[in-house]
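S.K.: predicted model, plus sequence, below.
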Amino acid sequence: MNTQGGFVRIIIGIIILIIILSIFKISLSSIFNNPFVKDNFSFIWKWANYAWDNFLGKPVMYVYNFFKDNIWAPSLESWQRLRQGVAPRMFNEDAPKVPVPTQQ
């Protein structure tokens, strides 16, 4: 699987899209200077900000922080330890140790 050159492919795709629009005599400046287009993008942007600030922001950030702190960071630490040739840390290593009483 080739994962190299993703940015170059995006740039080439944008250039091809601009060429195709030019062939059909569509001016990007006339599209983005159109007051209706500006008004529509402004409406969508304001609505998205309202939805993020009032409904989506807190739950999404909670899930993101939970994932980052409890899944991503420990997994990354384990992978780094494996690269160094050290066994990954187990969760029971972090648990408090309770002495086991011996019978006499």
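M.R.: Okay, I see it.
S.K.: helix or strand: which one has the residue nearest the centre of the chain?
M.R.: Central residue of the chain (Cα atoms, centre = their mean): Tyr64, 9.3 Å from the mean position. Here Tyr64, judged by DSSP states H and E, is contained in helix 57-67.
S.K.: to the chain's geometric centre, what's the distance from that helix?
M.R.: Centroid separation for helix 57-67 versus its chain: 12 Å, with Cα atoms, centre = their mean, to the nearest Å.
S.K.: dump that helix to CSV, keeping only the CA atoms.
M.R.: Below are the C-alpha coordinates for helix 57-67, written out as CSV (Å, rounded to 0.1, in the frame of the first residue of the first chain):
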residue,chain,number,x,y,z
GLY,A,57,-18.3,21.0,21.5
LYS,A,58,-18.5,19.5,25.0
PRO,A,59,-19.4,15.9,24.1
VAL,A,60,-17.0,15.7,21.2
MET,A,61,-14.1,17.1,23.3
TYR,A,62,-15.0,14.7,26.2
VAL,A,63,-14.9,11.7,23.9
TYR,A,64,-11.7,13.0,22.3
ASN,A,65,-9.9,13.6,25.6
PHE,A,66,-11.1,10.2,26.9
PHE,A,67,-9.7,8.5,23.8
